[in-house]
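In: 3D model of this:
(one chain, ligands or ions: 2)
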Amino acid sequence: MEKFQESMYKLIVETSTKLPKDVRRAILAAKLKENAGTRAAMSLDTITDNILKADENVSPICQDTGLPTFKIKVPVGANQIKMKKAIRQAIADATKDTKLRPNSVDSITGDNSGDNLGDGTPVIKFEQWEEDYIDARLILKGGGCENKNIQYSLPAELEGLGRAGRDLDGIRKCIMHSVYQAQGQGCSAGFIGVGIGGDRTSGYELAKEMLFRSVDDVNPNDNLRKLEEYVMENANKLGIGTMGFGGETTLLGCKVGVINRIPASFFVSVAYNCWAYRRLGVKLNAETGEIQDWLYTEGEEVDFTKAEEEAAAAVEQQEEKTRSVTLEAPITEEQIRELKVGDVVTINGMMHTGRDAIHKHLMDNPAPIDLNGQIIYHCGPVMAKDAEGNWVVKAAGPTTSIREEPYQGDIMKKFGIRAVIGKGGMGPKTLAALKEHGGVYLNAIGGAAQYYAECMEKVEGVDLMEFGVPEAMWHIRVNGFTAVVTMDSHGNSLHEHVEKSSLQKLEQFKDPVFK
Ligand SMILES: O=C(O)C[C@H](O)C(=O)O
Ligand code: SF4
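Out: Ligands and ions are numbered 1, 2, ... in the order given. Presented below is the predicted three-dimensional model:
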């Protein structure tokens, strides 16, 4: 097994940086369906651009490299203790090489272990089988989509859909609702794995197991195949679209599995995965640990170029219609009041990262720098030091903003912050504060970590490093960072609008379909 650790390292790097072909095919199909020039089409364009940049740079597709979860099938007699040790070392090495973000955080103290190792991380699951080779699969599932997982206990009363009973039709309603409740916050368009039955733990395990199926496989169980087809067709009528901007594609894949339950329990568990669906696998020689084959590689290389050319032409036309504004901090209240939902903003100059730990900290403490008129970016980047010891940004897309809802409005007012950038939108408290104080919410494309890293010219400094790399406050000089105004200082929110209209659309699926 002398090659096993090296093989695991390769699997980790490949999974973090190269999206599998089945996922690329689904994204390309979505792109071809969107009307060129719409916000959804332009977002998908950024997404495909980002996928290609990650290929080229061998850098993380998204800065959140998630919770590494390995599923390994081994012949009887394979030494699982040694394999576990080798996997842990490969994880630490890949983190050091900035292929993974340090993501393992002590749940009580908040300390980041710095190498992705810690109690419960990474997750490694073994299973014995009768084959003579090792099958090792890895999924890097990010936190934003993980937070949108949902578990239903039937019977249930569901918003928009009414009663969901203990039968196939009740299950159908749960799945439709799961897509609705995720909105754009898990970086739609997404993929769902569904587990029917089991208990609360095994139900979710089955849901996650479904995420290891190939996007284009066909369910051998007739009932489940029909259910999957139904969901694919109808969830895409909800109009949530890429990043929750509205559009034709909300769901890119749906895989359903079933296990038995006990009489009193009836769970439907849904694991939501963002478009940055990073899962790969390898077949290994059980003696040497050497890679024999890569999994999920069926089919031709996916070529985004034709769709990209069409999109570029449409963007040119669109640009004439869309108002485009350039901002550079410090920004005045007057400049902010001029912005309206739908405007495209290009930022030059400074922005400062701040996510969960920073927002909590700023409620009771002074800011490390003067934030008056400044821009806060909800982002936990992947960082590296160059040969001269200067920090450089390796991956830096937005994180889900709604987590900062309890703090955001107060912090903007307290420090005079004028703009926040994130993804997925924020709620009524922030919207009211934007109106009162004169602030704006800008939506960047979730997962587009390479795309945004490219416009980050210089890291001018960092504060509050005690919170760890993702949670520290990084002071970054950018050039040409673009985002869309989705909440303005006049009380308008695109997110509120899409949520309301998708709820109305959900109601059309109230009547029984599977009897
Ligand atoms: O942690 C992050 O950087 C992003 C996270 O995956 C999210 O979607 O909110
Ligand atoms: S930021 Fe979006 S794409 Fe990245 S892990 Fe989170 S949900 Fe996925």
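In: after the longest strand along the chain, next one along is what?
Out: Ranked by residue count under DSSP state E, the longest strand found in the chain is strand 473-487. Once the chain leaves strand 473-487, the next helix or strand it forms, by DSSP states H and E, is helix 494-506.
In: could you give the angle of that next one to strand 473-487?
Out: 50 degrees (axes from the mean of the first three to the mean of the last three Cα atoms, to 10 degrees).
In: sorry, back to before: of all the residues in the longest strand of the chain, which ones are buried?
Out: 473, 474, 475, 476, 478, 481, 482, 483, 484, 485, 486, 487 (16 or more other Cβ atoms under 10 Å). Just so you know, the C-beta spots here come from the backbone N, C-alpha and C atoms, and that holds for glycine as well.
In: quick one: the fifth one from residue 423, how far?
Out: As for residue 478, its distance to residue 423 is 17 Å (criterion: Cβ to Cβ, to the nearest Å).
In: before we move on, what about the fourth one?
Out: Taking Cβ to Cβ as the measure, residue 476 falls 17 Å from residue 423.
In: before we move on, what about the third one?
Out: Between residue 475 and residue 423 the distance, using Cβ to Cβ, works out to 21 Å.
In: cool, the first one as well?
Out: When distances are taken as Cβ to Cβ, residue 473 and residue 423 turn out to be 19 Å apart.
In: SS state for whatever residue of the stretch 301-450 of the chain ends up closest to ligand 2?
Out: Using Cβ to the nearest ligand atom, the closest approach of the stretch 301-450 of the chain to ligand 2 is made by residue 447 at 2.8 Å. Using DSSP: H, G, I helix; E, B strand; the rest coil, the structure places residue 447 in coil.
In: I'd guessed it sits against residue 62; true?
Out: Yes - contact criterion Cβ atoms under 8 Å: residue 447 and residue 62 qualify, at 4.2 Å.
In: Could you count how many residues lie near residue 507?
Out: 12 (other Cβ atoms under 10 Å).
In: From ligand 1, how far out is the closest residue to it other than its chain neighbours?
Out: Once flanking residues are discounted, residue 507 sits nearest to residue 160: 5.1 Å by Cβ to Cβ, 6 or more residues apart in numbering. In this view, residue 160 and ligand 1 are 24 Å apart by Cβ to the nearest ligand atom, to the nearest Å.
In: Ok, residue 261 next?
Out: For residue 261, the distance to ligand 1 - Cβ to the nearest ligand atom - is 31 Å.
In: neighbours around that residue, how many?
Out: 17.
In: got the contact list for it?
Out: 197, 198, 199, 267 (Cβ atoms under 8 Å, 6 or more residues apart in numbering).
In: The third one is in contact with residue 266, isn't it?
Out: No - using Cβ under 8 Å, residue 199 is not in contact with residue 266, being 10.7 Å away.
In: Who has more neighbours out of those two?
Out: residue 266 (22 against 14).
In: buried stuff in stretch 134-148?
Out: With the criterion 16+ other Cβ under 10 Å, stretch 134-148 contains buried residues 134-146, 148.
In: what does stretch 233-249 give?
Out: 234-236, 238-249.
In: Briefly note if it comes near ligand 1.
Out: No - for stretch 233-249, no contact with ligand 1 is found by Cβ under 6 Å from any ligand atom; the gap never falls below 11.2 Å.
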